[in-house]
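Participant: Sequence first, predicted model second:
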Amino acid sequence: MRGTTTALLALAGFVAGSAMIAVGGERRVGDVRRVVVVDNAPAVQRVAAEELATYCGRIAGTRIAIVPLSEYRPTDKGLSFFVGDEVARRLFNMELAPWQQEEWLLRTVPGGLLIAGDDATSGDPWSARVRAGSMLAAYTLLDDYLGVRWFWPGPFGEHVPHDPDAIVPELNRREVPKFMIRWVMMAYTGYHTPEFREDCVRWMRRTRQGWTRSALFGHSWWYAFNLKNDDTFKEHPEWFALVNGKRQPPQMCTTHPEVINRMVEYVLNGKYDIMSISPSDGGGFCECNEETKSETHKRLGIPSCTSLDVPGVLAYDNKSPSLSDRIFTYANEVARRVREKNPNKGSTSSLTPITISRRYASRNWSRTSTYLSSINRLRTATRRTTASGRRTWWAGSNSARR
């Protein structure tokens, strides 16, 4: 405590006196002398400090010390990186909490740069499932501003420029990752050596991947409608897809109100933060039109499934109608109702794959390979999933517009 008090008094004189380094302006990475972290910092913040010291030291061609807050003296020469919200509170009287999940901050302060974020107080800091906002901030600085690159796992995949004159610009960024789940699957890890597996773990963190929210992938209707037996079909055949004039599983009639109701309850009662509402695998999607739709549709004035398809817009085979609009109409309605009851609950409609450009290249089952023609916005609670080869990303942005 005595050391921290001394540091605070020194900082006060430092800011007030002629030796003050002004907030604002550019600073050379070669002028950075230390990384300051609270004495009993969480592991995430300690690793963030180590990574900053290591990579900035390599850029500058010098050694950058890691200094406990109790030993920090603001009058010492050179610039500092300050890591963690506790350092921000004690040195700069900044209360940065509460944080959103995985939120991070880069902010220019007297004497250097503050690096902080939503950090877990326990767990392996190298695990992508552990919240590590300070590490996200550190890698944003290294990658976006100082030219460090991690092209693939291991030292051979690194690019660290030697440039002591590289600029640490004036910054004031506080952001949440655009994707909730950011994940690159490294093929079959059983064939990897222990060394390569360790390299992959570190590469994933350094490339700012993360998976801190629980999520359920895959086809959902098998579980939501208990398709392992025929009980739901026998009791409610009108909920199921109309194909060649007959109702049949495994696909559902996505405009039937009771299908929507069941999926809303399925998401709300699910044990994961984000629940899948994806269609079943295979073909056999509903063909109901305004004449053949269910009596419930007609009584309530609800449109049929095929009425939501855009005329003339075909799937990858240039024969079948694209199902994009009807599937996302269904997903939006489920998401809207879920959000009304629990804003923190999410759902995903997983079409394999969906790209952020909103062009859909799909497997045979989905027939969603063209542009969404009439859906201008995906609801906040709806997450888009991209799965291509060995790569899986989960979009967490609030909306998608054409």
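Facilitator: Received it, and whenever you're ready, just let me know what you need.

Participant: Pretty sure F217 is one of the things S276 touches, is it not?
Facilitator: Yes. Contact between S276 and F217 holds when scored by C-beta atoms under 8 Å: they sit 5.8 Å apart. All C-beta atoms are positioned from the backbone trio N, CA, C, and that covers glycine.

Participant: Give the residue from the two that has the larger number of neighbours.
Facilitator: Summary of the neighbour comparison: S276 and F217, criterion other C-beta atoms under 10 Å, with S276 having more neighbours (24 against 17).

Participant: Chain neighbours aside, what residue packs nearest to that one?
Facilitator: Nearest residue to S276, sequence neighbours excluded (C-beta to C-beta, 6 or more residues apart in numbering): S220, at 4.5 Å.

Participant: What count of nearby residues applies to the one you found?
Facilitator: Using other C-beta under 10 Å, S220 has 24 neighbouring residues.

Participant: Could you do the one 10 residues further on as well?
Facilitator: The burial count assigned to D230 is 11, neighbours taken as other C-beta under 10 Å.

Participant: and it, how far is that from S320?
Facilitator: Distance of D230 to S320, given as C-beta to C-beta, to the nearest Å: 27 Å.

Participant: repeat for V243
Facilitator: On the measure of C-beta to C-beta, V243 and S320 end up 13 Å apart.

Participant: cool, and A88?
Facilitator: If you measure A88 against S320 using C-beta to C-beta, the figure is 56 Å.

Participant: ok, the two, which is more surrounded?
Facilitator: More neighbours sit around A88 than around the other of A88 and S320, counting by other C-beta under 10 Å; the figures are 22 against 15.

Participant: what sits against the more buried one?
Facilitator: Under the criterion of C-beta atoms under 8 Å, 6 or more residues apart in numbering, the neighbours of A88 are 82, 94, 96, 114, 116.

Participant: What strands line up against the helix or strand hosting the fourth one, and which way round?
Facilitator: This means L114. Assigning secondary structure by DSSP states H and E places L114 in strand 112-117. Listed by DSSP bridges, the sheet partners of strand 112-117 and their directions read strand 79-83 (parallel), strand 104-109 (antiparallel).

Participant: Tell me which of these is the most buried.
Facilitator: For these, the stretch with the most neighbours on average is strand 79-83, a mean of 26; neighbours defined as mean count of other C-beta atoms under 10 Å.

Participant: Report the next helix or strand after it in sequence order.
Facilitator: On the C-terminal side of strand 79-83, the closest following helix or strand by DSSP H and E is helix 85-92.

Participant: returning to that earlier point: export the strands paired with strand 112-117 to JSON lines and tack on mean pLDDT?
Facilitator: JSON lines is the format used below for these (pLDDT from 0 to 100):
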{"stretch": "strand 79-83", "mean pLDDT": "98"}
{"stretch": "strand 104-109", "mean pLDDT": "98"}
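
Participant: Out of those strands, which gets nearest to V44?
Facilitator: Proximity to V44, assessed across those by C-beta to C-beta, is greatest for strand 79-83 (9.5 Å).

Participant: what comes into contact with that closest one?
Facilitator: When contacts are defined by C-beta under 8 Å, 6+ apart, strand 79-83 is touched by residues 21, 27, 31-37, 41, 45, 48-49, 52, 56, 67, 72, 88, 91-92, 109, 111-116, 134, 138, 168.

Participant: Can you give me the separation between G346 and D31?
Facilitator: Using C-beta to C-beta, one obtains 44 Å as the distance from G346 to D31.

Participant: Ignore what I typed, I meant V243.
Facilitator: In this structure, V243 and D31 are separated by 70 Å, where distance is defined by C-beta to C-beta.

Participant: just M135 next, same as before
Facilitator: Distance, M135 to D31, by C-beta to C-beta: 23 Å.

Participant: what's the answer for R205, then?
Facilitator: R205 sits 27 Å away from D31 when distances are taken as C-beta to C-beta.

Participant: With neighbour numbers in mind, choose between those two.
Facilitator: Applying other C-beta under 10 Å to R205 and D31 shows that R205 carries more neighbours, namely 23 against 17.

Participant: OK, contacts around the more buried one?
Facilitator: By C-beta under 8 Å, 6+ apart, R205 lies in contact with 125-126, 128, 132, 135, 139.

Participant: which one of those residues has the most neighbours?
Facilitator: Ranked by neighbour count (other C-beta under 10 Å), the contacts of R205 have A132 at the top, with 32 neighbours.

Participant: Which helix or which strand is home to the residue lying closest to it once chain neighbours are set aside?
Facilitator: Distances taken as C-beta to C-beta, 6+ apart place V44 nearest to A132, at 4.5 Å, with adjacent residues excluded. Counting by DSSP H and E, the element that carries V44 is helix 43-60.

Participant: what angle separates that helix from strand 104-109?
Facilitator: Here helix 43-60 runs at 60 degrees with respect to strand 104-109, directions being taken by axes from the mean of the first three to the mean of the last three C-alpha atoms, to 10 degrees.

Participant: Would you mind writing the CA trace of helix 43-60 as CSV?
Facilitator: Once side chains and other backbone atoms are set aside, the C-alpha atoms of helix 43-60 remain, and they are given as CSV (Å, rounded to 0.1, in the frame of the first residue of the first chain):
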residue,chain,number,x,y,z
ALA,A,43,-3.5,-14.2,-14.9
VAL,A,44,-5.1,-12.6,-18.0
GLN,A,45,-3.6,-9.3,-17.2
ARG,A,46,-0.2,-10.8,-16.4
VAL,A,47,-0.1,-12.5,-19.8
ALA,A,48,-1.2,-9.3,-21.5
ALA,A,49,1.7,-7.5,-19.9
GLU,A,50,4.1,-10.2,-20.9
GLU,A,51,3.0,-10.2,-24.5
LEU,A,52,3.2,-6.4,-24.7
ALA,A,53,6.7,-6.4,-23.2
THR,A,54,7.9,-9.3,-25.5
TYR,A,55,6.6,-8.1,-28.8
CYS,A,56,7.1,-4.4,-28.3
GLY,A,57,10.6,-5.2,-27.1
ARG,A,58,11.3,-7.2,-30.3
ILE,A,59,10.0,-4.3,-32.4
ALA,A,60,12.1,-1.7,-30.6
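
Participant: Good, wrapping up.
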